[in-house]
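Asks: what's the 3D shape of this:
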Amino acid sequence: MPKKVISGNYAAAYATKHARVEVVAAYPITPQTSIIEKIAEFIANGEVENLEYVPVESEHSAMAACIGASATGARTFTATSAQGLALMHEMLHWAAGARLPVVMVDVNRAMAPPWSVWDDQTDSLAQRDTGWLQFYAENNQEVYDGVLMAFKIGEHEKVNLPVMIIESAFILSHTYDVVDMLEQEEVDEFLPPRKPLYSLTDFDNPFSIGALGTPADYYEFRYKIAKAMEEAKKIIKEVGKEFGEKFGRDYSQMIELYKTDDADIVFMGMGSLMGTVKEAVDILRSEGYKVGAAKVRWFRPFPREELYELAKSVQGIAVLDRNFSFGQEGILFNEAKGILYNTDAKPIMKNYIVGLGGRDLTVNDVRKIANNMKKIIEKGELDKEIDWYHLKR
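Replies: Sure, this is the predicted structure:
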C-alpha cells in the first residue's frame, strides 16, 4: 500500500477520490476549505471520472444539493465546519429523514462568538439528534479509513442513514502525517458501487419522498430511523472487522480500549485529544499508575454495551469533554452517566471540561487529572462532578 505524508483534510479528499464519489457540493469555510480544493484539483487534472462538483452559495444549499443527488442514487459527499454546519441544521434532519447515505466530513471548530477557527466538538455534538451517524477520528489515518467505511456503512440496506466523519481543526486538518493509502483496486473490492433502495430517476416506479406525514404515519418513520441506528451498530462492527482483515487496521470496536485490562482509572474521550491521553497512559504506567484509555470512536449510534462492559471493571472514569452543553455538563459525560444509571456498573465518574477553543491538553494535564481521580477513589466521594480544568485560575 502506498504511503503519503498528508494533512487530515487531504486524507479526506483522497478517500473521497478512492470511494469513486459521483457528486460533491460544498461551500468554503476555514479550516475545511482545503478538502474541497484538493477534490477540485483531482477534477481539474482529470484524476477522477464521473465526479460532478456543484458550486453553491451556502452550506444550506450544499446539503440541499447533496440530498437531491443522493435521492437519484448517486454516491455523494460534502464537508464543512462550525457555523457552516449550523447553517445546514435544517437539511441534516432532511437527509436523515429521507434515509439518504450522504457522507460529510466536519472539521471540528469552536462556535462563535467570540470568533474562532480552533478546535472543539460543540459544532458536531450540537447535531447529535439529527439522525446522522458520527465517527470521531483520532488521527489522519482514521480520517482516511473513516470516510471509506462511512460509505459502506451508510449505504448498507439495513442502515441507509447519513454519516459524519469528524476531525479536529488544525490538529488534524492542517497537520501532516504518514497515511497508508489503499490501491484503487483494493477500495473497489471493499466498496462496490452504491445500490440504492430507491431512486428518483427510476421512472418505472415513481414515488415521492418528504411528503406530508400525518399523525397516522409520522411516528413510524421516526421509529424506523431508531431501529436503523441500532442495526448500524452491527454493521459498523462487521465493516470494521472486514476493514481490519483486508487492510490490517481493525475498527470492529466502537470504543477503542488502551491498557484497560487491569486499570483502576480510565480516561474517556473522543477525537485527537486521545492521542495525548494514550501517551500519558504509557508514562503514568511507568510511574506505577494503573490507568487506561477508552476512545469513543462512534458517538452515534452510542456504544452503550461496550461502555457497560468497561464500567463493570474499573473504579473510576474521568470523562474528558472538549465541549459543553450549557445548563448541564459535558455531552459525552452526560451520555455515559445516563447509560450506566440503571445498571449495576457504578464507577466513580467525574467530568473534566478541557481544550475548548483549541486550548492544548498536555501529558502533564492528564497526570494532574489522574492524581485528582486517585484521591477521589481513595476518599470514596467526588470533590465536584464537573471540573472546568483549563479555566484560568
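Asks: Longest helix in this protein, please.
Replies: Assignment by DSSP state H gives helix 218-247 as the longest helix of the chain.
Asks: What is the neighbour count of the closest residue to residue 250 other than its chain neighbours?
Replies: Once flanking residues are discounted, residue 250 sits nearest to residue 244: 2.9 Å by C-beta to C-beta, 6 or more residues apart in numbering. In short, each C-beta sits where N, CA and C put it, glycine included. Residue 244 is flanked by 15 other residues according to other C-beta atoms under 10 Å.
Asks: Hmm, residue 244 is touching residue 252, no?
Replies: Yes. With contact defined as C-beta atoms under 8 Å, residue 244 counts as touching residue 252 (6.3 Å).
Asks: the helices in the stretch 251-393 of the chain, which residues?
Replies: Under the criterion DSSP state H, counting those that start in this stretch, the stretch 251-393 of the chain contains helices at 273-286, 304-311, 331-340, 363-379.
Asks: Do me a favour and average the pLDDT over the second one.
Replies: Read that as helix 304-311. Helix 304-311 carries an average pLDDT of 98.
Asks: Tell me what angle that helix forms with helix 331-340.
Replies: 90 degrees (axes from the mean of the first three to the mean of the last three C-alpha atoms, to 10 degrees).
Asks: What of the first one?
Replies: Interaxial angle, helix 273-286 versus helix 331-340 (the same axes, to 10 degrees): 70 degrees.
Asks: CA-only coordinates of helix 273-286, as PDB, when you get a sec.
Replies: The C-alpha coordinates for helix 273-286 follow below in PDB (Å, rounded to 0.1, in the frame of the first residue of the first chain):
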ATOM      1  CA  LEU A 273      -7.000  14.500  22.200                       C
ATOM      2  CA  MET A 274      -7.000  10.700  22.800                       C
ATOM      3  CA  GLY A 275      -3.500  10.600  21.200                       C
ATOM      4  CA  THR A 276      -2.100  12.700  24.000                       C
ATOM      5  CA  VAL A 277      -4.100  10.600  26.500                       C
ATOM      6  CA  LYS A 278      -2.500   7.400  25.300                       C
ATOM      7  CA  GLU A 279       0.900   8.900  25.500                       C
ATOM      8  CA  ALA A 280       0.100  10.000  29.100                       C
ATOM      9  CA  VAL A 281      -1.100   6.500  29.900                       C
ATOM     10  CA  ASP A 282       2.200   5.000  28.900                       C
ATOM     11  CA  ILE A 283       4.100   7.500  31.000                       C
ATOM     12  CA  LEU A 284       1.800   7.100  34.000                       C
ATOM     13  CA  ARG A 285       2.000   3.300  33.800                       C
ATOM     14  CA  SER A 286       5.800   3.500  34.000                       C
END
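Asks: quick one: buried residues of it?
Replies: Across helix 273-286, burial judged by 16 or more other C-beta atoms under 10 Å covers 273, 274, 275, 276, 277, 278, 280, 281, 284.
Asks: So what's the gap between that helix and the chain middle?
Replies: Put simply, helix 273-286 sits 22 Å off its chain's centre (C-alpha atoms, centre = their mean, to the nearest Å).
Asks: of all the buried residues of helix 273-286, which comes closest to residue 80?
Replies: Closest approach to residue 80 among those (C-beta to C-beta): residue 273, at 21.4 Å.
Asks: Now do the same contact list for that closest one.
Replies: Residues near residue 273 by C-beta atoms under 8 Å, 6 or more residues apart in numbering: 168, 320, 322, 354, 355, 361.
Asks: Show me the residue sitting in the middle of this structure in space.
Replies: Centroid check for the chain by C-alpha atoms, centre = their mean gives residue 135 as the closest residue, at 2.3 Å.
Asks: quick one, what contacts that one?
Replies: By C-beta under 8 Å, 6+ apart, the contact set of residue 135 is 146, 149, 150, 163, 164, 165, 166, 297, 298, 299.
Asks: That concludes my questions; thank you for your assistance.
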